[in-house]
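In: Fold the following and give me the result.
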Amino acid sequence: MPPRSGRRLTAALCSALFIATQAAADEAVHVGTLAIPKTQTTQGLSGIEVSADGTQVLAISDDGWFLRGQIQRSDGAPSAFSVDPPPIRMRSLSGDWMADHQKDAEGLAMAPDGRVFVSFEVYHRVRLWRDLQAPAIWLPDRPENAGFQPNGGMEALALGPDDALYALPETMAADGGIPVFRFQVPPQRLRPDGTPIDRHVDIPWTVAFTLPARGRFRPVGADFGPDGRFYLLERGVIVPIGFRSRVRRFVFGPDGATNEETLLETPVGRHGNLEGISVWRDSTGEIRLTMITDDNGLALQRNEIVEYRVVRTPADR
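Out: Numbering: from 1, shown residues only. Have a look, this model is predicted:
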């Protein structure tokens, strides 16, 4: 084949591949919504983790509670939610119940070994639990914490496949982007008797990179999926009408955050105040996004679990 003809064929193949790539995109399709009974300990739910099979739930509230529950399913879709009593009240470093200015839990991340990490607003910090009924374990504070507004701290928290915590505040960076803070969780060390050693004092928080802000949305939840990609839940508030929600997906790597995709963007009022997200893979191999609303303890706001699945669809649909 003459060189020019080969180049033409290569160009044609690349063009066809580009068109095929543009003709399909991933998007999130609604699977179901479950109401959560409103009680003193189920209000203000702001973070969620779901087990690999989509049935076991750990949630946190901005009133300082851990809540466990179960999702029943019918043909893969969520059909009912039940709370496993009793809820567990969060303890401070000293083992006391958290004071009012300490208990505004917002972000939740869980390690495969069961360790639980929680980020807090008002008194901005991240804490660790190995036993939910035990005192919290200290993690270093970030110097930037002092500059956050009381309600502008680390709303979103996720544990990456690199065993690092990634925290995102509602407060934007100076360039208008969304700062992503990173804390490398050290390998677990054990004492001779087998008990773990928790020493984090020499590990600093760093700024990993900045994500692009798009429109009037702010980060409220995050998770790494089983595909290794980073999923960001964002919220837009239209006063006094209601809330909008958006989920974007990124690849985190040596070059920063790449391959940005918008999987979901809801109109005002479609759901309540979605604040927490957990990403898992169902038995068919599809990615599921299980999210939870924060009703802020208000009777008129919704208290519910909302679930979507990510599917491949034509982009021009």
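In: Need the pLDDT of residue 95.
Out: Listed pLDDT for residue 95 reads 96.
In: Let me fix that, I meant to ask about residue 10.
Out: So residue 10 comes in at 41 (pLDDT).
In: How about residue 263?
Out: For residue 263, the model assigns a pLDDT of 98.
In: Kindly report the same for residue 300.
Out: At residue 300, the model reports a pLDDT of 84.
In: what does residue 311 give?
Out: So residue 311 comes in at 95 (pLDDT).
In: The one 3 residues further on now?
Out: Taken from the predicted model, the pLDDT recorded for residue 314 is 66.
In: what's the answer for residue 274, then?
Out: On pLDDT, residue 274 comes in at 97.
In: can you tell me which residues contact it?
Out: 220-221, 233, 235, 243, 245, 291-293, 306 (Cβ atoms under 8 Å, 6 or more residues apart in numbering). All C-beta atoms are positioned from the backbone trio N, CA, C, and that covers glycine.
In: can we see that at 6 Å?
Out: With contact taken as Cβ atoms under 6 Å, 6 or more residues apart in numbering, residue 274 is in contact with 245, 291, 293.
In: Residue 71 too?
Out: Residues near residue 71 by Cβ under 6 Å, 6+ apart: 55, 78, 81.
In: partners of the strand or helix carrying residue 34, with directions?
Out: Using DSSP states H and E, residue 34 sits within strand 24-35. In the sheet, strand 24-35 lines up against strand 304-314 (antiparallel) (DSSP bridges).
In: Now tell me what touches the partner strand from outside.
Out: 24, 26-36, 78, 81, 263, 271, 286-293.
In: and the residues you listed, which are buried?
Out: Those of these that meet the buried threshold are 27-28, 31-34, 36, 78, 81, 263, 271, 287-293, by 16 or more other Cβ atoms under 10 Å.
In: Redo the contacts of residue 71 as JSON lines? Include distance to residue 276, secondary structure and pLDDT.
Out: Converted to JSON lines, the contacts of residue 71 look like this (distance: Cβ to Cβ, whole Å; DSSP: H, G, I helix; E, B strand; the rest coil; pLDDT from 0 to 100):
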{"residue": "55", "distance to residue 276": "17", "secondary structure": "coil", "pLDDT": "97"}
{"residue": "78", "distance to residue 276": "15", "secondary structure": "strand", "pLDDT": "96"}
{"residue": "81", "distance to residue 276": "14", "secondary structure": "strand", "pLDDT": "95"}
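In: closest to residue 195 among the residues you listed?
Out: Relative to residue 195, the closest of those is residue 55; by Cβ to Cβ it sits at 30.9 Å.
In: List the contacts of that closest one.
Out: Neighbour list for residue 55: 70-71 [criterion: Cβ under 6 Å, 6+ apart].
In: gap between it and residue 223?
Out: 17 Å (Cβ to Cβ, to the nearest Å).
In: Low-confidence regions, the stretch 51-200 of the chain specifically.
Out: For the stretch 51-200 of the chain, residues meeting the criterion pLDDT under 70 lie at 143-147, 199.
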